[in-house]
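Student: Provided below are the primary sequence and the corresponding predicted coordinates.
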Amino acid sequence: MGNNNARADIVIFGGGIAGLWLLDALQHAGYSAVLLNKGALGQGQSIAAQGIIHGGTKYTFGLGLESAVPDLAAMPDRWRASLAGEGGPDLRAAPPLADAMQMWLPPQRGGSALAAFSKKMMRGQMRERGSGDRPAVLPQGRGGNLFDLDETVIDVPKALVALQNLHAARIRELPKGVEINFAQCATGVKVTAGPVKIQTQRVILTAGAGNEELLTSAGLTQIACQRRPLHQIIVRGMQQPIYLHCVGKNSKPLATITSHPDGAGAFYWYIGGLLAEQGATQTPSRLIEAAQAELTRLLPGANFAQAAWATHRVDRAEPAHRGGLRPNSAFALCKGAVIIGWPTKLALAPVLADRIVALLDKDVVRPGPSDLAALATLPAPAIAQPPWETVQQWN
């Protein structure tokens with residue numbers, strides 16, 4: 001083929017966790033696949049994720065059973081196998097931050113009934129700790145209930161590096177401002193991405209919020225997207241790591257906290273949950289003020305005397321759903337030779353890959369000849385910086 005012409009079975013657009021996991025799955029299924037990304041791998045939604053591999057547990061909080069996600073139940077074991085090099089992409093180079101999350105029900109009216117209900121509904125997914133067996137940030141021997149949950153917490157930046165290293169020659173960055181064009185034809189799709197032209201059987205879009213622009217390029221504007229904004233809180237200088245859902249009677253955790261080493265012996269606390277959802281309409285200073293009050297109430301043993309505070313905004317992008325609600329699982333839709341995918345949650349990346357491979361099987365897409373030499377004209381992408389490394393000003 002010409003110097004700028006390539007051929008591959010599959011071209012993936014979008015280099016977050018979902019696209020990278022899919023690339024590995026396609027390679028193992030025998031396809032010649034390449035991944036193209038604008039900017040750094042994981043930028044946007046993946047790098048802003050807390051890394052929690054949910055087992056569905058948190059969606060039963062506050063009796064919110066209607067929002068449960070059945071596909072999540074198998075995800076902790078699926079990811080653990082990958083982290084151990086025993087199935088799926090080999091992520092042994094990215095050891096998890098924590099083997100379990102915890103769920104804290106602070107002393108509250110009706111708390112005993114809520115704890116009893118939780119234990120009944122989530123039998124086998126959680127283990128209650130004694131009142132004297134708690135992190136220092138929680139009250140010792142004084143009310144409330146603490147549970148260990150079956151939820152691994154991955155190190156997202158390290159997972160991105162590990163996934164990139166598995167197939168580095170097939171992952172390329174598109175130049176800034178490059179125009180992308182798709183032309184469906186009898187043999188699949190002719191893709192023009194900047195200086196490179198690729199003949200491929202299928203194009204797969206896994207670019208999160210970037211799918212909107214890609215759908216326009218593909219002439220598929222009838223597929224609607226939605227965004228649900230978050231305004232996460234970052235606390236610098238904490239002396240102990242915690243991995244904690246703080247819950248009440250709301251169907252969502254009041255605050256979800258994960259911890260990330262700062263390289264100097266302390267930790268960043270990265271906080272989502274209801275605080276971050278309600279904070280989407282608040283200024284950073286107002287959200288920090290609200291977070292300081294709420295975390296002091298929920299974690300009476302926490303010492304924030306030396307802490308510095310910041311916030312980070314991110315949109316969760318997904319297919320439009322009735323009433324703007326969260327879709328109930330990963331989403332994959334085939335439109336001709338283009339497949340559109342959203343995992344809807346980082347933990348569901350394996351489910352999305354399974355569904356896309358199934359769509360290829362259904363359409364009898366089979367591996368064919370490939371020529372990837374032209375990809376060498378495109379640079380290898382960097383890994384996105386996590387939110388706490390991009391803060392411009394700490395409060």
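Tutor: Looks like it came in fine.
Student: can you give me the strands in the stretch 151-300 of the chain?
Tutor: Secondary structure of the stretch 151-300 of the chain, counting by DSSP state E, counting those that start in this stretch: strands at 152-153, 171-174, 180-185, 188-193, 196-205, 225-238, 244-246, 255-261, 267-272.
Student: can you tell me which of the ones you listed the model trusts least?
Tutor: Mean pLDDT is lowest for strand 180-185 among these, at a mean of 90.
Student: Just the residues contacting that one, thanks.
Tutor: 13, 174, 189-194, 203, 214, 217-219, 336-338 (CB atoms under 8 Å, 6 or more residues apart in numbering). Quick note: C-beta positions are derived from backbone N, CA and C, even for glycine.
Student: Are any of the residues you listed buried, and if so which?
Tutor: Applying 16 or more other CB atoms under 10 Å to the contacts of strand 180-185, the neighbour count classes 13, 174, 189-194, 203, 214, 217-218, 337-338 as buried.
Student: got CSV for those, with distance to residue 295 too?
Tutor: CSV is the format used below for these (distance: CB to CB, whole Å):
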residue, distance to residue 295
13, 39
174, 40
189, 49
190, 53
191, 48
192, 50
193, 45
194, 46
203, 45
214, 39
217, 43
218, 44
337, 49
338, 45
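Student: before we move on, the earlier item: looking at the contacts of strand 180-185, spot the one nearest residue 324.
Tutor: residue 214 (21.9 Å; CB to CB).
Student: ok, now which ones touch that closest one?
Tutor: Contact analysis of residue 214 by CB under 8 Å, 6+ apart lists 13, 14, 180, 205, 207.
Student: Of these, which pair is most distant in space?
Tutor: Greatest spatial distance in these: 14 and 180, 11.6 Å, computed using CB to CB.
Student: So which of these two has more stuff around it?
Tutor: residue 14 (27 against 18; other CB atoms under 10 Å).
Student: Got the phi and psi for that one?
Tutor: phi 120, psi 110 (degrees, to the nearest 10).
Student: Among the strands of the stretch 151-300 of the chain, which comes closest to residue 318?
Tutor: Of those, nearest to residue 318 by CB to CB is strand 225-238, at 6.1 Å.
Student: What strands line up against the closest one, and which way round?
Tutor: Paired strands of strand 225-238, with direction, are strand 267-272 (antiparallel), strand 308-319 (antiparallel) (DSSP bridges).
Student: care to break this protein down by domain?
Tutor: Listed domain ranges for the chain are 5-46+158-226+321-389, 97-153+229-317 (source: automatic domain parsing).
Student: Span of the longest one from start to end?
Tutor: This points to domain 5-46+158-226+321-389. End-to-end distance of domain 5-46+158-226+321-389 (CA to CA, to the nearest Å): 38 Å.
Student: I appreciate the help and will end here.
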